[in-house]
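Undergrad: below is the sequence, then the predicted model.
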Amino acid sequence: MFGSLIADIEFSYSEWSPLTIWNLIMEEIKRELLGKNTGKISVLVRRKGSSVISIKNKKKHKNEKEELISQIFKTEVKKEASFISMLSRTSLNKDEPLKVRFFKIVSLLTISPSSTFYYYWTFIVTCALGYNLIFVCVLIFKEAYDNYFDEWLAVNEVCDIIYIIDMIFHARKEFLEDGIINNGSKDMLLQYVKSKKFILDMISIFPTNFIIRYHYLLVFARINTLTRIYRITDFINMTDTRTNWPHLFRVLKLVSVCFIIFHWNGCFYFLISIAYNYKDASIDDWVYSFDKIADPIVPTCDARFPEIDNCFMNESYVMAYNRYDYIDELDMFWRNKTRIIHFSNLTKKYQLSFYWSALTLVTLGEQAWPNNTFQMSFEILDTLVGLCVFAAIVGDVGNMITSMNEQKSSFEEKLDGCRQYMRYRHVDERISEKIIEWFHYTWRSNIAKVDEEAIIELLPSRLYGQIAIHNHMEIISKVKLFQDCETGVLYEIILRLKPRIFSPQDYVCKKGDVGNEMYIIASGNLDVVSEDGSKIFVTLQKGAVFGELALLNIPGSKHGNKRTASIRSKGYSQLYGLSRDDLWECINEFPDAKKILMEKGKEILRKDNLLDETVEPNLFEECRNVDDIYHAIDYYVKSLEKKLDNINNTYKSGTKELKQKLTMLEKNFKDNKRRIKKDYEIKKNKSLNFIKE
């Protein structure tokens, strides 16, 4: 919730009065409460010099992808009151005292430990701690104390203020309790006060600056500010999960740790030198000595033209090897041809102390012998610490190099194995070059560096689902075939998309091939070409989808499940593919979606006059499991039973009609039998009589 006021109201100004700004804000809040805010209101106030103040209240719109995620995962989006509304309810209530209203406003502010604001604030606290880590012991050098004490105190006060603000933020920091975010004001405060961090933070803000005013050697009284060192660890842990350059960050972390150790050890070395009166020390003493770091002397003549400037003494090889014998002559020769570069005592003291510290801790030695037991003990302790530090440095550097080269080594191992295989199988040189170029492309484009399948297995299914929605939902939802599908079906389809890579001039599909996959172009360009590849009809670019109708194998499609065009990769192309088996696995769980997809596919084919309505579906082609086969058999059995019933009914009705006709015929025959017989006898007698006559 912190910072939402700034997100709702923006200021652009050259001069302003704080009272004017506050009045304008309160006026805007009143309009919002009364419902008179139109969503974008501008208030202009002109002052001297034509200064302008512009306040805009912007309405926030919910992200479409977040809405899809809430629909798919059935998560309720809580409609909380805006920060402005809550602020107005507290600040406009004039019946309450100002102090009460102030604390109510403060109670509205909470900080999420995973927010970007908290991360950048942790960086600011880390900078303050880094300053104290370096400058707490720097005033051990008297020149720094005499010349920069006031500035040092001023920065100390700034750091103390940062520490105090950090304590306030910790008291307002949300925390997890039984997996639930707790942002109750009292609970957050008690959680912080009861923790060890509160004690360390209280120690870190104890005012010790006044102690250092008495003497510069009391500078270590400020060491209490380092009890908050855990905040640096917090920043490192947060950066490890956020940075895009983890190896570089680890190198910087290692260098910083080494610098801090060398720095503090060098300051302790100089502190011991003060105790043993370094001003009287000689070049052979163990403690600091000015003789060990003299100001450099450089020639004033130009060594490129030695004859003109007389920049070299005329000496023989014998003289060059025995210069100690005539050192006075050399001194006289160079006395007027040189100049001294003067460095401050602070620079020389710190440089030599840091140099001694670095050489000792990395166990290089080459230092003067200690002069007494205490110096010897410190030298031994430094050597032991140096061994540990050096071992840690070597180990960390080795781990970093191994980690940095691990992917490269694995990739090169696979590449070498592929080369050996191609040599063993005598693969054509042109194909070998193409394969090796493909390896190089996968490395350059980071494909070989990221194992997407391993990431899918590592992430929880819902988190990966949200990533998939972010990457593909917008494209999938625009495909005509899937436009009427419910979000659950689209989500299942997105989860089953698999990456595919095609090299230049590779055919993704050819006309007449059986279509088993649909594709989404993630990057690259694909050409739709003629069958012989000589003619390019159109170029498909990022976001295009093709091959979706072939997956359904719609009955009556004049093309069937065959590809209707040849598609060739123009360069290297990255696609996401969805196989027919995966699609049917998705829609089998959503029977309604299956019908919608088939009808939508038929509708698209009808528009292009590519559908034959008379063709019946072959259900066995759609079977993906035993249940599908059972349902298909059941459908065909029922259809057969229905046909047999129709034939039986037709047979029965035809037989009944035939029987009725036969019965009527028999009745008519019986009724007319005698009459026919009598008529026959009469005609017969007539015929006989006629013959007799």
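TA: That came through, no problem. Numbers count the residues shown, from 1 in each chain.

Undergrad: mind listing the strands in the stretch 251-400 of the chain by residue range?
TA: Applying DSSP state E, counting those that start in this stretch to the stretch 251-400 of the chain gives strands spanning 297-299, 338-340.

Undergrad: can you put these in a markdown table and add mean pLDDT, distance to K652 and mean neighbour count?
TA: (Glycine included, C-beta is placed from N, CA and C.) What follows is these, written out as a markdown table (pLDDT from 0 to 100; distance: least, C-beta to C-beta, whole Å; neighbours: other C-beta atoms under 10 Å):
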| stretch | mean pLDDT | distance to K652 | mean neighbour count |
| --- | --- | --- | --- |
| strand 297-299 | 82 | 125 | 10 |
| strand 338-340 | 84 | 130 | 11 |
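
Undergrad: export these as JSON lines, with columns for distance to R580.
TA: Compiled in JSON lines, those are given as follows (distance: least, C-beta to C-beta, whole Å):
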{"stretch": "strand 297-299", "distance to R580": "81"}
{"stretch": "strand 338-340", "distance to R580": "85"}
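
Undergrad: to I140, which of these lies closest?
TA: I140 sits nearest to strand 338-340 of all those, at 27.2 Å, using C-beta to C-beta.

Undergrad: partner strands of that closest one, with direction?
TA: Under the criterion DSSP bridges, strand 338-340 sits next to strand 297-299 (antiparallel) in its sheet.

Undergrad: show me the contacts for the closest residue to L346 other than its chain neighbours.
TA: With C-beta to C-beta, 6 or more residues apart in numbering as the criterion, L346 has its nearest non-adjacent residue at 3.8 Å, and that residue is E143. Contacts for E143 (C-beta atoms under 8 Å, 6 or more residues apart in numbering) come out as S344, N345, L346, K349.

Undergrad: out of those, which is most surrounded?
TA: The member of these surrounded by the most neighbours (other C-beta atoms under 10 Å) is K349, with 23 neighbours in all.

Undergrad: neighbours around the closest residue to that one other than its chain neighbours, how many?
TA: The shortest distance from K349 to any residue other than its chain neighbours is 5.4 Å, reached at F141 (C-beta to C-beta, 6+ apart). Under the neighbour criterion other C-beta under 10 Å, F141 is assigned a count of 23.

Undergrad: what does the one 4 residues further on give?
TA: In terms of burial, Y145 registers 18 neighbours under the definition other C-beta under 10 Å.

Undergrad: got a list of what K142 touches?
TA: The neighbourhood of K142, defined by C-beta under 8 Å, 6+ apart, consists of Y216.

Undergrad: could you check the pLDDT of the residue nearest to L346?
TA: Here the pLDDT value assigned to E143 is 90.

Undergrad: buried residues in whichever helix or strand it is part of, which are they?
TA: With elements taken from DSSP states H and E, the one containing E143 is helix 142-171. Residues of helix 142-171 classed as buried: 143-145, 148, 152, 156, 159-160, 162-163, 166-167, 169-171 (neighbour count, 16 or more other C-beta atoms under 10 Å).

Undergrad: quick one: name whatever helix or strand follows that helix.
TA: Next along the chain after helix 142-171, taking DSSP H and E as the criterion, comes strand 175-177.

Undergrad: neighbouring strands - and their directions - for that next one?
TA: Taking DSSP bridges as the criterion, strand 175-177 forms sheet pairs with strand 180-182 (antiparallel).

Undergrad: just how off-centre is the strand it pairs with within its chain?
TA: Centre-to-centre, strand 180-182 and its host chain are 25 Å apart (C-alpha atoms, centre = their mean, to the nearest Å).

Undergrad: circling back: from the chain's centre, how far out is the helix holding E143? Work that out for me.
TA: With C-alpha atoms, centre = their mean as the basis, the distance from the averaged C-alpha position of helix 142-171 to the chain average is 36 Å.

Undergrad: do stretch 277-289 as well
TA: 56 Å.

Undergrad: end to end, how far does it reach?
TA: Across stretch 277-289, the terminal residues are separated by 10 Å (C-alpha to C-alpha, to the nearest Å).

Undergrad: now do stretch 420-433
TA: This stretch, stretch 420-433, spans 13 Å end to end (C-alpha to C-alpha).

Undergrad: tell me the mean pLDDT over it?
TA: If you average the pLDDT over stretch 420-433, you get 89.

Undergrad: which parts of that stretch are buried?
TA: Along stretch 420-433, the positions that meet the burial threshold by neighbour count (16+ other C-beta under 10 Å) are M422, S432.

Undergrad: could you chop the chain up by domain?
TA: With automatic domain parsing as the criterion, the domains of the chain are listed as 1-93, 110-241, 299-340, 455-624, 633-693.

Undergrad: now the contacts of E143 as TSV including pLDDT and distance to I520?
TA: As requested, those are arranged in TSV below (pLDDT from 0 to 100; distance: C-beta to C-beta, whole Å):
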residue	pLDDT	distance to I520
S344	89	67
N345	89	70
L346	90	65
K349	92	67
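
Undergrad: go through those and name the one nearest N471.
TA: Minimum distance to N471 across the contacts of E143 is 57.3 Å, recorded for L346 (C-beta to C-beta).

Undergrad: against L139, how distant is the closest one?
TA: For L346, the distance to L139 (C-beta to C-beta, to the nearest Å) stands at 11 Å.

Undergrad: for stretch 495-508, measure first residue to last.
TA: Distance between the two ends of stretch 495-508: 22 Å, counting by C-alpha to C-alpha.

Undergrad: so for it, mean pLDDT?
TA: Mean per-residue pLDDT for stretch 495-508: 89.
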